[in-house]
Each structure stands twice: as C-alpha cells, then as structure tokens.
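Asks: Here is my input, please return the structure:
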Amino acid sequence: MKSITLTSVQTKGFVFLVGAGPGDPDLLTVKGYRVIQQADVVVYDRLVSAEILALASENAERIYVGKKLDYHCVPQEQINQILVDKALEGKRVVRLKGGDSFIFGRGGEELEALAEHGIRFEVVPGITAAAGATAYAGIPLTHRDHAQSVQFITGHIQKDGKEIEWASLAQANTTLVFYMGLKQSGYIAQKLLENGLDANMACAIIENGTRREQKVLRGALQDLPALAQQAVSPALIVVGSVTALHEKLKWFA
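Replies: This is a model prediction of the structure:
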C-alpha cells in the first residue's frame, strides 16, 4: 500500500464506513441512517442514491469519489488520503459505499490506511447487491431443491493476475453471483462451459437491482453474452437453477 502524507493537526476525528445497500433507499440500516445525519463529511460513491445522500445535514461537506468500469474518477490512494486528511482535521466522516463495504467494496483497504495513522473507525454493514437484487427479483440464493451453497465472485481480473478456480465454480448445485461481470460475460460463460457446466443451465442478469428501473433478463448459460448485450451497469450475473424461480416468485415491479 502506498504511504499517505500526514497533515499537521491537533485532534483526530472518526470515520464510519457505511454500506448504503443496493439501491432502494429503504434498505439502508437504521444505524447507517443515524450516522449519515450526524456526519461532518460524507465521502460517497457513484451507486449511492440521491435519496440516501439527502439524509446528510445541509452543512455536511459532500465529496464524490465515484468509480465506474474503465474510469476511476478518483484513484483509490487519493480516496484513502481524503479520509485520512478529513479525520485528521477532527471531522466526523462517513465513507458511504453502495451495497456492503466489505464485499468487493475495497472497504478493508481504506480501513488499513486509517489504522496505519491511528484513526478510529467503525463499520456499519449494508445489504450487499447479491442479497438485495436477487430478493427483489424473486430469486432465492439457496433453495433445498436447487442450490445448497452460494458463491460471490468478482468479474474483474484479480489483483495478482491469478485465474479463478473455474472447476470449483462449475457445480450444478450451487448459485454463482458475479459482481461487475457484464464486460466479462463471454469469458465467464466460456470458462464455466469448459469446466463442465451444462450449456442449458439457467442464468439471469439483474440490472439496477432494487431500484424502480430494475430489469431482469433470463436465459441459459450459453446465451449469457447475448443477454449481457441487452443490459447496462450496474448489473449482477446470477448462474444457477434458482434463477428459474423468477417467474413464479417475482413480486417487485
């Protein structure tokens, strides 16, 4: 991790790492709601809804550090620096992230930076996109007749370049949820098929999960690249026979 420059101040503040949930503002936790209202500074990501951001005091400083595929508005090292600087000014800082900060949210990296400088922090978990989006799509992550386990996988290339253990993923009795996988949908389908998963295995893409504009696209694994062409980010890819329950269990419109 790159070193962070210390700022000369007298009093250290406090940082709350808050998961804002997958999109529907009503899914924010009560504790998250409370600390956002009390914040001096809110450092927020692209997927945080306007409704949740509006909960902050009108006097709170708002700092946007959003990211999207192939474009990072603010580099991660600079985000870390912002959190350190604002805390060292004695501010009560809320670092607000979509979903849950510890599930593909790089929250651990940001807390490491704070810990290195002796800055106090607290984590307020959020509902991760995999749980929220599938629930709103009527797709249970586990089901006795379909899946006894679930795995969350990032669609991004791993930091050290190592390949995912595809053979361990290509199982008929599990549910796979790929975050940030639209761009890699063809590769995901190819590797799962190469490792033995049935080409007709049911799958779904959930776009804008839990939001009013939510859209669910369903098909077979072999059709995944074509489905991805019809979707836009933010979206989750779900592979597993549980996705076939969408038509029966869908309730959100």
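
Asks: where does the closest residue to Arg211 other than its chain neighbours land on pLDDT?
Replies: Closest residue to Arg211 apart from its sequence neighbours, by Cβ to Cβ, 6 or more residues apart in numbering: Gly23 at 4.1 Å. C-betas here are computed from N, CA, C, even on glycine. Among the per-residue scores, Gly23 holds a pLDDT of 91.

Asks: Tell me which residue is most central in the protein.
Replies: Gly99 (4.6 Å; Cα atoms, centre = their mean).

Asks: That residue and Gly126 touch, don't they?
Replies: Yes. In this structure, Gly99 is within contact of Gly126 by Cβ atoms under 8 Å, at 5.8 Å.

Asks: any common contacting residues for those two?
Replies: In terms of Cβ atoms under 8 Å, 6 or more residues apart in numbering, Gly99 and Gly126 are both contacted by the residues Gly19, Ala20, Gly21.

Asks: By neighbours, which of those wins?
Replies: Among those, Ala20 has the most neighbours (other Cβ atoms under 10 Å), with 30 neighbours.

Asks: That residue is in contact with Asp100, isn't it?
Replies: No. Between Ala20 and Asp100 there is no contact under Cβ under 8 Å: 9.2 Å.

Asks: shared neighbours, those two?
Replies: Joint contacts of Ala20 and Asp100 (Cβ under 8 Å, 6+ apart) are Gly126.

Asks: How many residues are close by the residue nearest to Val65 when sequence neighbours are not counted?
Replies: In space, and not counting its chain neighbours, Val65 is closest to Val74: 4.2 Å by Cβ to Cβ, 6+ apart. Here the number of neighbours of Val74 (other Cβ under 10 Å) works out to 16.

Asks: cool, and Gly90?
Replies: Gly90 has 13 nearby residues by other Cβ under 10 Å.

Asks: how close does it sit to Gln38?
Replies: 14 Å (Cβ to Cβ, to the nearest Å).

Asks: Ile52 too?
Replies: 14 Å.

Asks: which residue ranges form the strands in the stretch 51-200 of the chain?
Replies: 61-64, 67-68, 71-72, 92-97, 120-124, 149-154, 174-179 (DSSP state E, counting those that start in this stretch).

Asks: For the protein, name the helix or strand with the lowest mean pLDDT.
Replies: Here the helix or strand of the chain ranked lowest by mean pLDDT, DSSP states H and E is strand 71-72, holding a mean of 57.

Asks: Could you report the distance from the nearest residue to Gly107 once chain neighbours are set aside to Val18?
Replies: Computed as Cβ to Cβ, 6+ apart, the closest residue to Gly107 that is not its neighbour in sequence is Ser101, at 3.2 Å. Ser101 is 7 Å from Val18, where distance means Cβ to Cβ.
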